[in-house]
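Take this sequence and fold it.
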Amino acid sequence: MKKIKQLALGTALALSLGATGFSLPAAAQDTNYVPLLTYRTGPFAASGIEIANGMRDYLVMLNERDGGIGGVKLDIEECETGYNAQKGVECYEATKGKGALVYNPYSTGITLQLIPKAGVDKIPVLSMGYGLSAAAVGEVFPWIFNVPDTYWDGASVVVKYIGEQEGGLENLQGKKIGYIFLDAGYGREPIPLLEQLADKYGFELLQYPVPGKEMQNQSSQWLNVRRDRPDYMVMWGWGAMNPTAIKEAVKTRFPMDKFIGVWWSAGEADAAAGGQAAAGYKALNFSGVGSDFPAIQDIKTYVVDANKSQTDPESIGGTIYNRGVLNSVIVAEGIRTAQQLTGKQVITGEDMRMGLEALDLTEERLAELGLSGFAHPMKVTCEDHSGSNPVFIQEWDGEKFVKVTDWIEPMTDVVRPLLVEAAQEYAEKNAPWPKRTEPCPNN
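Take a look at the predicted model:
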């Protein structure tokens with residue numbers, strides 16, 4: 001019922017406010033403008049609403065509690081994309097001239113469209129844990145950031161974890177790992193890495209694509225899963241695909257403790273669709289779960305309780321909501337770092353790129369923000385725009401997600417050379433791709 005209420009609220013607001021959403025406060029010369037490309041309507045709205053709320057609430061909280069960042073308020077404007085690449089580009093074009101500091105597409109398809117534009121318009125793109133994995137290579141993509149992890153990092157952690165369950169990666173020889181994925185840029189992105197790891201460790205990769213229009217009808221895919229009998233299943237889903245897959249897995253009696261989702265398949269509503277029978281389902285995560293963080297409580301006090309949010313209070317602290325919060329933490333710290341580097345309070349997209357490239361979110365800084373333990377410390381450099389940071393695995397106990405592993409390091413020795421190779425291939429295919437000319441901040 002809660003999800004239905006949120007979806008209805010998001011839809012009503014989108015219809016009443018129009019395609020460009022809303023802005024707080026009004027654009028002015030003494031504000032820093034942060035457009036949010038969100039989708040509160042459409043087939044991915046159930047997940048998109050939580051992301052949008054988490055992103056917006058944290059930024060609004062900074063305005064209400066601190067007067068913004070560095071003495072300057074944030075001008076926050078949503079633009080509805082419906083998770084559609086064309087609409088995402090339209091939102092970008094409609095807002096970039098307002099002094100946009102950074103774009104958060106929340107769609108791999110939109111991100112791929114914006115990558116060639118970012119360097120021309122000199123506005124960075126933050127695709128936090130999604131988008132083009134090769135964009136982690138800062139020498140080739142100085143304007144694109146996918147901190148704290150790429151999809152290839154996530155895929156390597158899943159394989160590493162499965163290997164641990166089998167007593168070592170060498171024991172993956174002859175195993176079958178199923179991969180069910182949204183058949184779009186998002187779901188196809190990790191396949192090259194998974195195929196490389198399948199060759200390296202000798203397991204068979206079985207692919208089960210789910211067309212966007214068939215997210216809520218996966219009976220044929222799961223009939224094939226039942227036929228193929230994979231030892232493990234890995235899911236790269238989003239929106240309505242996730243709860244449908246979990247219900248189908250329960251229905252086909254697939255062992256839930258051998259079903260692992262990426263960090264975008266980690267929502268409480270996703271797992272709850274399978275009820276108690278979904279207990280054992282696992283998912284990657286790199287952001288905090290729960291509301292027991294001072295900063296989250298400040299969001300509740302200054303924004304939600306003050307009726308300055310669209311968030312259902314019951315959803316505060318959920319995995320996907322908190323993911324949106326972390327996204328805005330990175331944005332806010334990028335702004336703060338840019339202010340320190342430039343000595344300016346009101347910054348530009350070029351300044352923001354420098355701030356993101358000098359981002360150093362330490363344990364101490366997380367504690368100062370009221371987010372101790374909310375994320376792993378992360379650092380961005382000129383060379384590495386991702387950081388390949390550790391992630392953990394959470395497990396559904398039938399009612400909630402519980403953290404069941406320590407932080408797991410990605411296979412950077414395998415992934416990084418492949419990222420560099422993929423970045424070079426991208427530049428060659430899109431020749432003439434501009435060589436980096438942007439100076440590096442003093443990291």
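
Might you report the residue contacts of the nearest residue to residue 328 once chain neighbours are set aside?
Using CB to CB, 6 or more residues apart in numbering and skipping the chain neighbours, the partner closest in space to residue 328 is residue 58 (4.0 Å). Any C-beta I mention is one placed from the backbone N, CA and C, and that applies to glycine too. Applying CB atoms under 8 Å, 6 or more residues apart in numbering to residue 58 gives the contacts 295, 299, 324-325, 328-329, 332.

isn't there a helix covering residue 58?
Yes. Judged by DSSP: H, G, I helix; E, B strand; the rest coil, residue 58 forms part of a helix.

domains in this structure, as residue ranges please.
Annotated domains of the chain cover 2-149+289-389, 151-285+391-411 [automatic domain parsing].

tell me the mean pLDDT for the longest one?
Right, the one you point to is domain 2-149+289-389. The average pLDDT within domain 2-149+289-389 is 91.

Please identify the buried residues of the helix or strand hosting residue 53?
Using DSSP states H and E, residue 53 maps to helix 45-66. If you call a residue buried by 16 or more other CB atoms under 10 Å, then helix 45-66 has these buried ones: 45-64.

mind checking the end-to-end distance for stretch 67-87?
End-to-end distance of stretch 67-87 (CA to CA, to the nearest Å): 32 Å.

mind checking how far it is from the chain centre?
16 Å (CA atoms, centre = their mean, to the nearest Å).

again, but for stretch 339-359
The answer for stretch 339-359 is 23 Å, by CA atoms, centre = their mean.

ditto for stretch 283-296
Averaging C-alpha positions (CA atoms, centre = their mean) puts stretch 283-296 14 Å from its chain's average.

do the same with stretch 394-411
The answer for stretch 394-411 is 17 Å, by CA atoms, centre = their mean.

ok, and what's touching that stretch?
Stretch 394-411 is contacted by residues 149, 152-154, 156-157, 159-161, 256-257, 266, 268, 271, 274-276, 278-283, 285, 289, 319, 376, 388-393 when judged by CB under 8 Å, 6+ apart.

how about stretch 313-325 as PDB, C-alpha atoms only?
The C-alpha coordinates for stretch 313-325 follow below in PDB (Å, rounded to 0.1, in the frame of the first residue of the first chain):
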ATOM      1  CA  PRO A 313       8.100   8.800   6.400                       C
ATOM      2  CA  GLU A 314       8.000   5.000   6.500                       C
ATOM      3  CA  SER A 315      10.400   4.800   3.500                       C
ATOM      4  CA  ILE A 316      13.100   6.900   5.100                       C
ATOM      5  CA  GLY A 317      16.200   4.700   5.600                       C
ATOM      6  CA  GLY A 318      15.300   2.200   2.900                       C
ATOM      7  CA  THR A 319      18.100   0.900   0.700                       C
ATOM      8  CA  ILE A 320      17.100   2.800  -2.400                       C
ATOM      9  CA  TYR A 321      16.200   6.000  -0.600                       C
ATOM     10  CA  ASN A 322      19.500   6.000   1.100                       C
ATOM     11  CA  ARG A 323      21.200   5.400  -2.200                       C
ATOM     12  CA  GLY A 324      19.700   8.700  -3.300                       C
ATOM     13  CA  VAL A 325      21.000  10.300  -0.200                       C
END
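
Pull out the buried positions in it.
Buried residues in stretch 313-325, counted by 16+ other CB under 10 Å: 315-325.

Kindly state which of the domains of the chain is positioned closest to residue 438.
Of all the domains of the chain, it is domain 2-149+289-389 that lies closest to residue 438, at 4.6 Å by CB to CB.

roughly how far out does the closest one sit from the chain middle?
Offset of domain 2-149+289-389 from its chain centre (CA atoms, centre = their mean): 10 Å.

Now do the strands in this structure.
Assigned by DSSP state E, the chain shows strands spanning 23-24, 31-38, 73-80, 125-126, 144-145, 176-182, 204-210, 232-236, 259-261, 282-285, 360-361, 378-379, 392-396, 401-403.

who touches the closest residue in space to residue 174 that isn't next to it in sequence in this structure?
Nearest residue to residue 174 in three dimensions, chain neighbours excluded: residue 202, at 6.5 Å (CB to CB, 6+ apart). Taking CB under 8 Å, 6+ apart, we find residue 202 in contact with 172-174.

how does it look with 10 Å?
169-175 (CB atoms under 10 Å, 6 or more residues apart in numbering).

Could you tell me how far it is located from residue 227?
22 Å (CB to CB, to the nearest Å).

likewise residue 303?
50 Å.

Tell me which of these two has more neighbours.
residue 303 (24 against 7; other CB atoms under 10 Å).

Pretty sure that one sits against residue 56.
Yes. The pair residue 303 / residue 56 is scored as a contact, 8.6 Å apart, by CB atoms under 10 Å.

shared neighbours of those two, which are they?
What both residue 303 and residue 56 touch, as defined by CB under 10 Å, 6+ apart, is the set 309, 311.

show me what contacts the nearest residue to residue 433 once chain neighbours are set aside?
Counting by CB to CB, 6+ apart, residue 433 lies nearest to residue 427, which is 3.8 Å off, once chain neighbours are set aside. Going by CB under 10 Å, 6+ apart, residue 427 touches 134, 137, 139-141, 433-435.

Drop anything exposed from those.
Among these, those scoring as buried are 134, 137, 139-141 (criterion: 16+ other CB under 10 Å).

Could you identify the most distant pair in those?
With CB to CB as the measure, no two of the buried ones among the contacts of residue 427 lie farther apart than 134 and 139, at 11.2 Å.

For these two, list the residues in contact with both.
Residues touching both residue 134 and residue 139 by CB under 10 Å, 6+ apart: 420, 423-424, 427.

which residues in the stretch 301-443 of the chain form helices?
Along the stretch 301-443 of the chain, counting by DSSP state H, counting those that start in this stretch, helices occupy 319-342, 349-357, 363-368, 412-429.

would CSV of those with distance to residue 108 be doable?
Shown next, in CSV, are those (distance: least, CB to CB, whole Å):
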stretch, distance to residue 108
helix 319-342, 15
helix 349-357, 19
helix 363-368, 27
helix 412-429, 14
